[in-house]
Each structure stands twice: as C-alpha cells, then as structure tokens.
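Q: From the sequence below, what's the structure:
(one chain, ligands or ions: 1)
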Amino acid sequence: MIEVALRHAFSDLAIDVAFRAPARVLALFGDSGAGKTTVLNAIAGLLEPAAGRIVLDGQVLFDRAAGLSVPVSRRQIGYVFQDGRLFPHMSVRANLLYGARARHRSGTELDRIVELLDLAALLAREPAHLSGGERQRVAIGRALLSGPRILLLDEPLTGLHREARDQVLDHLVRLKIELGMAMILVSHQPAEVIALADDVVLLQSGTVADHLPVDGFARRQVRR
Ligand SMILES: Nc1ncnc2c1ncn2[C@@H]1O[C@H](COP(=O)(O)OP(=O)(O)OP(=O)(O)O)[C@@H](O)[C@H]1O
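A: Here you go, the predicted model:
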C-alpha cells in the first residue's frame, strides 16, 4: 500500500495531492505540467514537499510534521527515468550491477532479470550501441537489481518508436505478472496505462481529479 499526501508550491503551480493505493501497478495519468513527476520525485525522496506524509507498506518515508525524511538510498525504491540515464562508458553488465545489492551481484537474481528482460545478448555492449528500447530495458533491469519494493517509471516509453514501445511495455507486463513487482507508472498515453495499470490516479493542474480502477478508466477513454 502506498499512501501519499503532499503539498508543494512552485512559482507557477501549487501541488496538493492525496491518494492511497494498493501496492500493485498504479498509473499517474495527466497532461504535461499536471505534477506527475513531482509526485514521483517526492516518493523517491528527490524532492521534499513543503507539507505532507508518504507511507510505503506501513513504513513512513516522509512526514513533514514529524520532521522525518528517509534518505533516498534507504527508501528501497527503483526509479526509471524517461531517458534511461545509463552510464555511457560502462557495459550493460556493469550498468546492471551498479548499485546492485550484494546478494544480487553474481547470483540467480541477475540471471533472472537478464532473462526476464531479454538482455543476455546485450551484456558486453555499451549503451551507445543499443537501441532506445534496449537502453530502457537495461535501465529497468538496473533499477530492479537494487532490490526495490516499488519501481517508479517516469514516462519510460516516451521517445521510443512504436515497435520498441510495444516491446518495452510487454516486458513491463511480464515483470508485473512474473515478479509481482509493484510499480507507479507516469504516463499521458491511455493505451500504456490500460495495458499495465490496475489503478489510475488522474492528475490535473496539481490536484487529483479522479482515482479509479483501470476498467473504469478504459471505459471512459472509449466514450471520448
Ligand atoms: N524544480 C522546479 N522548479 C520550479 N517549478 C517546477 C519544478 N518542477 C516542476 N515545476 C513546476 O511544476 C509543474 C509540474 O511539473 P511536473 O514535472 O511534476 O509535471 P508532469 O505532470 O510530470 O509534466 P510532464 O508530463 O511534462 O513531465 C511544472 O509545469 C512546473 O511549473
């Protein structure tokens, strides 16, 4: 279960968001500038909201009133950015192992993630020799190997061409089914949300406009 309540004011947008959702796959859906990345950053600990409280699986990660903020490195949260952000001069294998917890370094966990994300043929390559979709799969693998309780995905398919997008999406669905990985997906593409999410929080101008199961979200898209 993730519980988020936060308020934060930027010069041109006031964010005031509250939701709680089971630890399955939650989508944060909304137009550009709605505040989606800000919410992810607050959950990851990259941004300290002016007010609020964030609780993941019963552990308080942030509580402004109590003066509590768990450091980023101790939140056990994986973050995949839109642009992958791989280390350019490191092989795929070294990228995957960077920051991997000791128990994952050589064992079956690495093999399992390599297999789930179809990375075996890419391990010796450097990021410059990978396609956009391959790079994103490596970034997802690297985040998983840090042993996260939840994976935050900030528009991980944006900028990819159609085929690569479908491929990365298929792999994310696989992680959901085979690992039972909890995720929060930031997206403004309904098709991605419908393929991956269980619950959808609609963000609009810094506030929660709606929170609904993915079926209801899909029906609403059809009616549009
Ligand atoms: N570091 C910052 N400094 C000042 N304003 C910011 C900052 N980060 C975000 N904002 C403001 O908050 C708004 C919401 O940003 P955010 O990145 O959370 O939106 P988003 O929904 O993720 O948008 P997008 O889909 O374009 O990534 C921005 O339009 C901007 O006005």
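Q: what about residue 219, neighbour count?
A: Neighbour count of residue 219, defined by other CB atoms under 10 Å: 10. The C-beta positions use only the backbone N, C-alpha and C, and glycine is treated the same way.
Q: now swap in residue 58 and tell me
A: The local packing of residue 58 (other CB under 10 Å) involves 7 other residues.
Q: The closest residue to it other than its chain neighbours and residue 154, how far apart?
A: Counting by CB to CB, 6 or more residues apart in numbering, residue 1 is the residue found nearest to residue 58 once chain neighbours are left out, at 7.4 Å. Distance check for residue 1 against residue 154: by CB to CB, to the nearest Å, it reads 21 Å.
Q: Residue 38 too?
A: Going from residue 38 to residue 154 by CB to CB gives 11 Å.
Q: try residue 142
A: Look at residue 142 and residue 154: by CB to CB, they are 15 Å apart.
Q: same deal with residue 117?
A: Residue 117 is 18 Å from residue 154, by CB to CB.
Q: which one of these two has more residues nearby?
A: residue 117 (23 against 20).
Q: which stretches of this structure form helices?
A: In the chain, the helices defined using DSSP state H lie at 36-44, 92-97, 108-116, 132-145, 162-174, 190-196, 214-223.
Q: TSV for the ones you listed, including distance to residue 60 and mean pLDDT?
A: Formatted as TSV, the helices of the chain follow (distance: least, CB to CB, whole Å; pLDDT from 0 to 100):
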stretch	distance to residue 60	mean pLDDT
helix 36-44	12	96
helix 92-97	31	92
helix 108-116	28	87
helix 132-145	23	94
helix 162-174	28	94
helix 190-196	28	95
helix 214-223	28	88
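Q: Pick the most buried one from those helices.
A: helix 132-145 (a mean of 24; mean count of other CB atoms under 10 Å).
Q: how big is the angle separating that one from helix 108-116?
A: Inter-element angle recorded for helix 132-145 and helix 108-116: 160 degrees (by axes from the mean of the first three to the mean of the last three CA atoms, to 10 degrees).
Q: would you put the C-alpha positions of helix 132-145 in PDB?
A: The C-alpha coordinates for helix 132-145 follow below in PDB (Å, rounded to 0.1, in the frame of the first residue of the first chain):
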ATOM      1  CA  GLY A 132      16.300   3.200 -27.400                       C
ATOM      2  CA  GLY A 133      14.200   0.300 -26.300                       C
ATOM      3  CA  GLU A 134      17.200  -1.800 -25.400                       C
ATOM      4  CA  ARG A 135      18.500   1.000 -23.300                       C
ATOM      5  CA  GLN A 136      15.300   1.300 -21.500                       C
ATOM      6  CA  ARG A 137      15.200  -2.400 -20.700                       C
ATOM      7  CA  VAL A 138      18.700  -2.100 -19.200                       C
ATOM      8  CA  ALA A 139      17.600   0.900 -17.100                       C
ATOM      9  CA  ILE A 140      14.700  -1.200 -15.800                       C
ATOM     10  CA  GLY A 141      17.000  -4.100 -15.100                       C
ATOM     11  CA  ARG A 142      19.400  -1.800 -13.200                       C
ATOM     12  CA  ALA A 143      16.600  -0.400 -11.100                       C
ATOM     13  CA  LEU A 144      15.300  -3.900 -10.300                       C
ATOM     14  CA  LEU A 145      18.700  -5.200  -9.200                       C
END
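Q: Show me what it is packed against.
A: strand 77-80, helix 92-97, helix 108-116, strand 150-154, helix 162-174 (3 or more CB pairs under 8 Å, 6 or more residues apart in numbering; DSSP states H and E).
Q: among those, which is nearest residue 221?
A: Smallest distance to residue 221 across those (CB to CB): 16.4 Å, for helix 162-174.
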